[in-house]
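Engineer: A predicted structure for the sequence below; I have some questions about it.
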Amino acid sequence: MRRYWSAALVVVALLIGLLVTVAPLSQTQNQEKDLRYSFRFGCPQPENYDYCPARYESLNPEKETYELGEEVKLIFSNLKDFEYLVEKVEVHFKPLFEHEFELFYVEKEVGPIKRERNEWVWVWDQKNSAGEVAGPGRFYVRITLNCCRNYRTYFRVSRTGGGGVELQPPEEVEEAEVRLPESPGSLTTRILSPSEIRLSWQDNSDNESGFRIYRNGNEIATVGANVTAYTDTGLQEGKSYTYRVASYNQSGESSLSGSRRIKTSVSVSEPPGSLSSRVLSPSEIRLSWQDNSDNESGFRIYRNGNPIATVNANTTSFTDTGLASDTDYTYRISSYNAGGESTLSGPLRITTPVEVSVSPGGLSSRVISPTEIELTWQDNSENEDGFRVYRNGKKIAEVGANTTSYVDTGLEENTNYTYRVASFNEAGESSFSSGLQLTTPVGVPSSPGRLRTETISPTRIKLTWQDNSDNESGFRIYRNGNTVGSVGANTTSYIHRGLESETRYCYQIVAYNSSGESGTTNRNCSMTLKSIPDLPKNVKATPLTSSEIKLSWKDDSDNEDGFRVYRNGVEIATLGPNTTSYVDTGLGANESYSYEVSAYNDSGESGLSGSGSVTTPRAEAPEPDQGEAVEEGPSIGQRELLAGIGIVVMVMGYIYSEMGG
């Protein structure tokens, strides 16, 4: 419910605002219906001045608002027997629903109202000075009249009221004894100089005290009676002036003569001076001069007697283009304005230079070495004296005409360079060819030195050499002309593996990088060793006595130089080739021993083949001494002794038990 009350309050507020806005308009409308739309404002009171128009009617009294494009008509009636001059009409316009009037239209020097007329009508079509049409709204008009005794009277004609007073026609006033002089006629003007104008008129009266001259509505001079000419001086050249003349006497001033509008002439500007030139190219010349005048409209440029261009005032240079090379030209300059053209400046003779040759094209290169590059290009011109070669922006060489190649030497390897080529002749240098960017290659590394070989096994040979370069990517190993391996940069050794035993191998080494291979080292050869003999097999150890053990094994190799026998890890004997047994003597009885056997030759020793552990037998009892025989009873052994002791113990136990023990 509260929301509905809020909406109702908003509607009531809007209706009240609309009533407040419309009510004054309606009230004004009702008030204006009772008013007479005939008011004067600004006219002096009639009791002191009797030359005001008795009455005028303004606008259509039936109209509250004038619509778009509707005529607005103003009528003056019951005019006095004077000649009025309507100097200015101003229209003030207020669009609908606006509060303030704004000036919408001004018309000056509307014209005179002759004394014979009883009514004067002015009509406006609601267009302003720009041709725009006023929309719906209200108007009032303000008119400035210049009346019979040189008084200015202002009338404001309004439809909206505002306290206007209607004047009754004044009583007739007897004309003064001295009547006003007649207005002069046939006003003419003549330009004497840019600052002087001669006025002439016809004297139409016989009672004037003199004449007043008006320029642009302002009095500038007075001359005596019967004078019909006046020279206005000190004027600005090229400016428009409007003149009028009136006669006067003690009764007042006549109406003004018809107006004459005239524009002063302009004095011819001074000719330019100090003409000079600068050659920009074989087809362009820049002219410069001194501006000696302050009233020129511009300058005209003449080439070989013919005008070729016009430039604006205050300009002091011009570039003539499209010329032929190696050609003579003569230039002159003049200034001009509305008064005419000045005299020509002194002649300036110029010969265009020879045309610059065309730049070469198709620049390309060929790498000869890391320090040499050959450049080639296309000769596109017919008048070059030669070509200039630039490296990294600096000229490095100059070659003759029709040359299309150049070899640049002494370069740094692995370095970036940019090349351009230009042709030249006496006129100058052409533009550059397109740029060519390239990088010199890396130099081939130096050859390694002092190659040595060393046999380290039946299947391996070690190579060592000296690294003599600082730019290698690595080294390649050649054997009998074929690559067998490679190593990285700064490496100085290589082991060749997987070789045949007792074979001769010869080697050479080269260093290499992206530019290629160096020269080879010295040639060096080595013979691989014999192969190591095979391991003996089936090693057996057999005790012969308590101090002797016999060893035997199987010989599986055919290149041994002999065999080595080890007892408990210590070598005890070296035997010749093809041996398959060995008797170890001097051993201890009932002692354990382990044996190992290996084959060997110049290349090394085979692995060890073991027999396992073996024990010598006990030693036998010694024989008795061969002395005098003594007969002894039979000896009692340990077993018999123990058996007897057992029986004794059993018997004693039985006895003890029987005794009740």
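Structural biologist: Arrived safely.
Engineer: touching the host helix or strand of Arg278 from outside, list them.
Structural biologist: Per DSSP states H and E, Arg278 falls inside strand 273-281. By CB atoms under 8 Å, 6 or more residues apart in numbering, the residues outside strand 273-281 that reach it are 285-290, 292, 319, 331-333, 345-346, 348, 350, 352-353, 356. To be clear about C-beta, it is placed using only N, CA and C from the backbone, and glycine gets the same treatment.
Engineer: quick check: the closest residue to Gly586 other than its chain neighbours vs Met527, distance?
Structural biologist: Nearest-residue entry for Gly586: Ser547, 6.1 Å, with adjacent residues in sequence omitted and distances by CB to CB, 6 or more residues apart in numbering. From Ser547 over to Met527 the distance is 47 Å, taken as CB to CB, to the nearest Å.
Engineer: what's the answer for Gln290, then?
Structural biologist: 104 Å.
Engineer: next SSE downstream of the strand holding Arg278?
Structural biologist: strand 284-290.
Engineer: just checking, what packs against that following strand?
Structural biologist: strand 273-281, strand 317-320, strand 328-337 (3 or more CB pairs under 8 Å, 6 or more residues apart in numbering; DSSP states H and E).
Engineer: so which elements touch the very next helix or strand once past it?
Structural biologist: Later in the chain than strand 284-290, the nearest helix or strand by DSSP H and E is strand 298-303. Applying 3+ CB pairs under 8 Å, 6+ apart, one finds that strand 298-303 contacts strand 306-312, strand 317-320, strand 328-337.
Engineer: what's the closest of those strands to Asp203?
Structural biologist: strand 328-337 (38.1 Å; CB to CB).
Engineer: who touches the closest one?
Structural biologist: By CB under 8 Å, 6+ apart, strand 328-337 touches 266, 268-272, 275, 277, 285, 287, 289, 291-293, 295-305, 320, 323, 341-352.
Engineer: picking that back up, make a markdown table out of the helices and strands packed on strand 284-290 and add mean pLDDT, mean neighbour count and distance to Tyr248.
Structural biologist: Output for the helices and strands packed on strand 284-290, formatted as a markdown table (pLDDT from 0 to 100; neighbours: other CB atoms under 10 Å; distance: least, CB to CB, whole Å):
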| stretch | mean pLDDT | mean neighbour count | distance to Tyr248 |
| --- | --- | --- | --- |
| strand 273-281 | 88 | 14 | 53 |
| strand 317-320 | 93 | 15 | 58 |
| strand 328-337 | 92 | 19 | 40 |
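Engineer: ok, which of the ones you listed comes nearest Ile396?
Structural biologist: strand 273-281 (26.9 Å).
Engineer: can you list the strands that the closest one pairs with?
Structural biologist: Here strand 273-281 is paired, per DSSP bridges, with strand 284-290 (antiparallel).
Engineer: quick check: the gap between Val354 and Ser277.
Structural biologist: 17 Å.
Engineer: now swap in Phe211 and tell me
Structural biologist: Taking CB to CB as the measure, Phe211 falls 59 Å from Ser277.
Engineer: same question for Pro184.
Structural biologist: From Pro184 over to Ser277 the distance is 60 Å, taken as CB to CB.
Engineer: ditto for Asn218
Structural biologist: 52 Å.
Engineer: now the strands for the stretch 551-661 of the chain?
Structural biologist: Using DSSP state E, counting those that start in this stretch, the strands assigned to the stretch 551-661 of the chain run over residues 562-567, 570-575, 581-584, 592-601, 604-605, 609-615.
Engineer: make that the stretch 51-200 of the chain, sorry
Structural biologist: Using DSSP E, counting those that start in this stretch, the strands of the stretch 51-200 of the chain run over 55-58, 72-77, 84-95, 102-113, 119-124, 137-146, 152-158, 185-193, 196-202.
Engineer: neighbouring strands - and their directions - for the second one?
Structural biologist: Strand 72-77 has these partner strands in its sheet, going by DSSP bridges: strand 55-58 (antiparallel), strand 119-124 (antiparallel).
Engineer: what about that strand, distance to the chain center?
Structural biologist: 70 Å (CA atoms, centre = their mean, to the nearest Å).
Engineer: I'd like the average pLDDT over that strand.
Structural biologist: Model confidence over strand 72-77, given as mean pLDDT, is 76.
Engineer: kindly report the same for the shortest one.
Structural biologist: In this model, strand 55-58 carries a mean pLDDT of 58.
Engineer: what packs against the helix or strand Ser526 falls within?
Structural biologist: Secondary structure assignment for Ser526, by DSSP H and E: strand 524-527. Contacts defined by 3+ CB pairs under 8 Å, 6+ apart place strand 524-527 against strand 449-457, strand 504-513.
Engineer: strands paired with the longest one, and their directions?
Structural biologist: Okay, so that is strand 504-513. Sheet pairing of strand 504-513 (DSSP bridges) gives strand 474-479 (antiparallel), strand 516-517 (antiparallel), strand 524-527 (antiparallel).
Engineer: turn those into CSV, including distance to Leu192.
Structural biologist: Shown next, in CSV, are the strands paired with strand 504-513 (distance: least, CB to CB, whole Å):
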stretch, distance to Leu192
strand 474-479, 106
strand 516-517, 101
strand 524-527, 122
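Engineer: identify, out of the ones you listed, the most deeply packed stretch.
Structural biologist: strand 474-479 (a mean of 19; mean count of other CB atoms under 10 Å).
Engineer: got the angle between that one and strand 449-457?
Structural biologist: Angle of strand 474-479 versus strand 449-457, following axes from the mean of the first three to the mean of the last three CA atoms, to 10 degrees, is 60 degrees.
Engineer: chain center to strand 474-479: distance?
Structural biologist: Distance, centroid of strand 474-479 to centroid of chain: 54 Å (CA atoms, centre = their mean).
Engineer: ditto for stretch 256-270
Structural biologist: 57 Å.
Engineer: and what of stretch 131-151?
Structural biologist: 62 Å.
Engineer: just stretch 107-118 next, same as before
Structural biologist: 71 Å.
Engineer: go on, stretch 442-450?
Structural biologist: Distance, stretch centre to chain centre, for stretch 442-450: 49 Å (CA atoms, centre = their mean).
Engineer: residues in contact with that stretch?
Structural biologist: 369-371, 413-414, 465-472, 475, 492, 509-522.
Engineer: can you give me the end-to-end span of it?
Structural biologist: Using CA to CA, to the nearest Å, one end of stretch 442-450 lies 25 Å from the other.
Engineer: any buried residues in that stretch, and which?
Structural biologist: In terms of neighbour count (16 or more other CB atoms under 10 Å), stretch 442-450 has its buried residues at 442-445, 447-448.
Engineer: what's the answer for stretch 360-380, then?
Structural biologist: Buried residues in stretch 360-380, counting neighbours by 16+ other CB under 10 Å, are found at 360, 363, 365, 370-371, 373, 375, 377, 379.
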